[in-house]
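K.L.:
my questions concern the predicted model and sequence given below.
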Amino acid sequence: MRMSHMFLRTLREAPSGADSKGYEYLVRSGFISQLGAGIFSLLPFGTRSTEKIKKILREEMDRIGGEEIEMPVVNPADIWKETGRYYSIDKEMARFKDRMNRDMVLAMTNEETVTALARTVIDSYKKLPLLVYQIQTKFRDDPRPRAGLIRVREFTMKDGYSFDRSQEGLDKIYRDNYKAYFRIFSRTGLPVIAVASDTGMMGGKVAHEYMYLSPIGEDTIIMCPECGYTANKQVATFKKEIVKGEMKPLEKVKTPEAKTIDELCAFLSVKPSETCKAVFMVGTFIDEKTEEESEKLIAAFVRGDMDVEEAKLSHAVKASELRPAHEEEIRACGMTPGFASAIGAKGDFILVVDDGVASSTNLVAGANEEGYHYLNTNYGRDYEGGIVADIASAKAGYKCPVCGKELASSKGVEVGNIFQLGTRYSAAMGATFQDEDGKEKPLIMGCYGIGVGRLLACLAEEYNDENGLKLPITVAPYQVHLVSLVKDQQIAEDIYQKLLDNGIEVLYDDRKESPGVKFADADLIGLPIRITIGNRSLKEGKVEVKLRSTGEVTSYKLEDIAEEVLQEIEREVKEINDKVVEKELV
RNA sequence: CGGGCAGUAGCGCAGGGGCUAGCGCGUCUGGUUCGGGACCAGAAGGCCGGAGGUUCAAAUCCUCUCUGCCCGACCA
């Protein structure tokens, strides 16, 4: 491609609001352009890089037996009503009516669509397992897009769906995808880790997220440097140190002005781990049959030295949504904010007790009376019932649930996820197959997603320096940047042609610009191999080759240039392929 | 959805009641340069986000509204 006629404008200054280097360079070098909040155009460079990522996705999905399909973005709402997600997903899904006044949605993911397809295509166990995937546009009306391409509203996603007849079959295809994902990310050059994750709106049980560890990430990952345990903070567990002793008699004490755990501990001279903390939320529940929404107060109790993890709590009570409770709602159930416990509570609420509280003895807790606390409260003796579950937040410094060593935490960007869906969708939509025993059974499904734009954003974040991008050769928009500094265009034209004839992807800077401008742009765009044609080396019949990754410069004879470049391309591709990660799910 | 900030030339910004709205970069013309964002001369380009109001006079003050960014709630 000749730069003199490209649909491109490089920027000297950072766009306002660019908070990360990766995003800044993607805009400045002309990969992407913003149209609205969380809505971007891909310019030629962005499109080419994206296409390379898609090619890797296709190769790796095909490798594990995937078949590419393309499903519609616009869906009739009916199928979303069948699974109930039309009601359970809030404003994040764009909805509209067509001219006949029919309810329509923009499919933000395609479980419903693919299940509707499976209904018509799959009838016998003999066809199973099946794996289909697509690379398609998604629109999710995120309330808060941010950080360039990291969190957007419209994006391209590779979403795959598997169908099988047994859990064992699902386990296998899930493992295949798990492995394929590591190959995909490592072929693009992005370092990722897989972490156990929350299933969120997808439903289902087993799930993993692929995380690119970076401070620009919004997810928190808990990991054990010792044994390798990793999990998203939303589901991470940890070893709770339980203080167990002889149960002592309940005792009410005056604790004026001790509304917080800190104040309480200071006043009574106890440790936070010897207290019990109340957190009140109101959950929204949807009746699966009538689809009616109702709200209910949730009183959650964790030990004073821990915090409630909302995702865990939400799972424990099976709520579709949680919000903080108002004071009146708490009082209506006989509990006193600031001095609350479940002892003496009444009315219709859901009690959730962290297992760390349930198994501890003699905790200090509120007496549900302004200015009073109880000493020596014990679950099972002073109050009982409700749900006992792990609802506490894991933190760095806590003990690893596996090996007991100290946990660490890191920020990460979720670039991919895989879910075992089970029969959540097939059962709701009647997507069945006839099994060997002649019986109709719901298909057992899995789904597998990778955000293509987000992946590019992470790569830009991982590969840059003070001058611009330096994407790996497997995802760079072109392989070679040919920069001509000499007046006689013919020499450059000849080399350009020669490189093209050898099947090399060349960006040819044929613009009438000063050397400084050309070099600055070349650094900014950061193609892996730069060929400079200048009088300095031309005198000796040579041109210079500079590698973006290392800065290494070598001169080659004019007649050898295509050959040398081909070798360098091969070397760089091999370097990445040698590092392809083959990782099995354990 | 709450809290904060901002919309002025293609991009980055200044100007905060007064006469023709500026600067840097970019763009166009001509010339000189030509290995790290060159120089000289000339030029084009703005209903100052939108709608109402106050005023003799509004980019500037007031009200409403739209849009974007940051923090939080939220989110794959």
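P.N.:
Yes, it's here.
K.L.:
in the helix or strand hosting A:Glu82, what's buried?
P.N.:
Using DSSP states H and E, A:Glu82 sits in helix A:77-83. For helix A:77-83, the neighbour count (16 or more other Cβ atoms under 10 Å) marks A:Ala77, A:Ile79, A:Trp80, A:Glu82, A:Thr83 as buried. No exception for glycine: its C-beta is placed from N, CA and C like everyone else's.
K.L.:
the next helix or strand after that helix packs against which elements?
P.N.:
Moving toward the C-terminus from helix A:77-83, the first helix or strand encountered (DSSP H and E) is helix A:85-88. Packed against helix A:85-88 by the contact rule (3 or more Cβ pairs under 8 Å, 6 or more residues apart in numbering; DSSP states H and E) you find helix A:77-83.
K.L.:
helices or strands next to the helix it packs on in the packing?
P.N.:
Applying 3+ Cβ pairs under 8 Å, 6+ apart, we find helix A:77-83 packed against helix A:85-88, strand A:103-106, helix A:111-121, helix A:424-429.
K.L.:
just how off-centre is that helix within its chain?
P.N.:
Relative to the centre of its chain, helix A:77-83 is centred 26 Å away, using Cα atoms, centre = their mean, to the nearest Å.
K.L.:
can it be found next to RNA strand B?
P.N.:
No - Helix A:77-83 stays clear of RNA strand B (Cβ under 7 Å from any atom of the strand), getting no nearer than 14.3 Å.
K.L.:
how about the helices and strands packed on helix A:77-83, which one is nearest RNA strand B?
P.N.:
Closest to RNA strand B of those, according to Cβ to the nearest atom of the strand: helix A:85-88, at 10.1 Å.
K.L.:
what is the mean pLDDT for the closest one?
P.N.:
Averaging pLDDT along helix A:85-88 yields 86.
K.L.:
closest to A:Arg454 out of the helices and strands packed on helix A:77-83?
P.N.:
Checking those against A:Arg454 by Cβ to Cβ gives strand A:103-106 as the closest, at 18.7 Å.
K.L.:
number of residues surrounding the closest residue to A:Phe7 other than its chain neighbours?
P.N.:
Nearest residue to A:Phe7, sequence neighbours excluded (Cβ to Cβ, 6 or more residues apart in numbering): A:Pro44, at 5.6 Å. Applying other Cβ atoms under 10 Å, we find 16 residues neighbouring A:Pro44.
K.L.:
backbone dihedrals for A:Pro44, please?
P.N.:
Dihedral angles phi and psi of A:Pro44 (degrees, to the nearest 10) take the values phi -50, psi -50.
K.L.:
touching, it and A:Met3? I think so.
P.N.:
No - using Cβ atoms under 8 Å, A:Pro44 is not in contact with A:Met3; the gap is 10.6 Å.
K.L.:
right, and RNA strand B sits closest to which residue of the stretch 251-400 of chain A?
P.N.:
Proximity of the stretch 251-400 of chain A to RNA strand B (Cβ to the nearest atom of the strand) peaks at A:Glu310, 5.8 Å away.
K.L.:
what about that residue, how many neighbours?
P.N.:
Neighbourhood size, A:Glu310 [other Cβ under 10 Å]: 18.
K.L.:
my guess is it contacts A:Val279. True?
P.N.:
No - assessed by Cβ under 8 Å, A:Glu310 is found out of contact with A:Val279, at 9.0 Å.
K.L.:
picking that back up, pick out the most distant pair among the buried residues of helix A:77-83.
P.N.:
A:Ala77 and A:Thr83 (11.2 Å).
K.L.:
what ranges do the strands span in the stretch 351-500 of chain A?
P.N.:
Taking DSSP state E, counting those that start in this stretch, the strands of the stretch 351-500 of chain A run over residues A:363-369, A:372-377, A:387-389, A:408-422, A:432-434, A:440-442, A:444-451, A:464-465, A:468-469, A:480-484.
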